[in-house]
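1. Only the shape, not the letters, is given here:
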């Protein structure tokens with residue numbers, strides 16, 4: 001019991017002193033975002049390299065289709081990338097979230113919450129009232145995060161076979 005309490009105290013101290021910053025991408029960050037998605041999705045879900053290719057295509061499309069609302073943020077700890085998130089304006093005044101990722105060592109420390117809150121504030125500042133995102137049924141932790149953040153499933157494509165896996169493709173939304 002004492003060892004568990006000490007571990008909890010260390011985690012609380014670490015979280016309280018951790019200096020997570022959100023910034024615009026710098027040279028090297030785009031490659032990091034694509035590579036980290038590929039690596040983590042392989043390690044956690046055994047998604048093949050076509051997933052990383054699809055992420056690369058989506059990132060390129062996002063970066064080359066400019067709109068003043070669209071933003072990409074990189075979360076850093078001591079200026080080292082640890083996470084990412086992007087938001088783009090979709091028809092009907094919808095903010096679509098993409099590329100939400102947090103390195104494994106930084107999960108459970110509030111990084112994803114900070115990224116999501118940043119998107120929410122950015123959307124509110126632009127009078128956008130609907131946040132949407134896409135995820136997969138196999139991403140249990142992400143789905144739990146979205147539920148805690150107030151998102152609800154609004155559409156499902158069942159039995160998708162991609163990236164050498166089978167899963168349901170889910171679309172979630174939150175009214176703000």
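-> That came in fine, so what should we check first? Computed from a prediction, not measured in an experiment: that's the story for all the values here. Numbers count the residues shown, from 1 in each chain.
2. Correct me if wrong: residue 22 contacts residue 116.
-> No - Residue 22 sits out of contact with residue 116 when judged by C-beta atoms under 8 Å, with a separation of 11.2 Å. Just so you know, the C-beta spots here come from the backbone N, C-alpha and C atoms, and that holds for glycine as well.
3. name the element residue 131 belongs to?
-> strand 130-136 (DSSP states H and E).
4. how far is that strand from where the chain is centred?
-> 10 Å (C-alpha atoms, centre = their mean, to the nearest Å).
5. Mind listing residues that contact that strand?
-> By C-beta atoms under 8 Å, 6 or more residues apart in numbering, the surrounding residues in contact with strand 130-136 are 45, 90, 92-98, 100, 119-120, 123, 142-143, 146, 151, 154, 160, 167-176.
6. Make a PyMOL selection of the buried ones in those.
-> Remark: buried members of the contacts of strand 130-136, expressed as a PyMOL selection using 16 or more other C-beta atoms under 10 Å:
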select buried, resi 95+96+97+98+100+119+120+123+142+143+146+151+167+170+172+173+174
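7. host element of the residue nearest the centre of the chain?
-> For the chain, the residue nearest the mean C-alpha position is residue 100 (1.1 Å; C-alpha atoms, centre = their mean). Taking DSSP H and E as the criterion, residue 100 maps to strand 94-102.
8. What residues sit buried inside the helix or strand following that strand?
-> Note on strand 94-102: by DSSP H and E, the next helix or strand toward the C-terminus is helix 111-125. Going by neighbour count (16+ other C-beta under 10 Å), the buried part of helix 111-125 is 111, 112, 114, 115, 116, 118, 119, 120, 122, 123.
9. quick one: low-confidence ranges for this structure?
-> 1-18 (pLDDT under 70).
10. the helices in it, which residues?
-> Ranges of helices in the chain, per DSSP state H, are 2-17, 29-45, 49-64, 111-125, 140-148.
11. Turn those helices into a markdown table, including distance to residue 134.
-> Listed next are the helices of the chain as a markdown table, based on distance: least, C-beta to C-beta, whole Å:
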| stretch | distance to residue 134 |
| --- | --- |
| helix 2-17 | 29 |
| helix 29-45 | 13 |
| helix 49-64 | 10 |
| helix 111-125 | 14 |
| helix 140-148 | 11 |
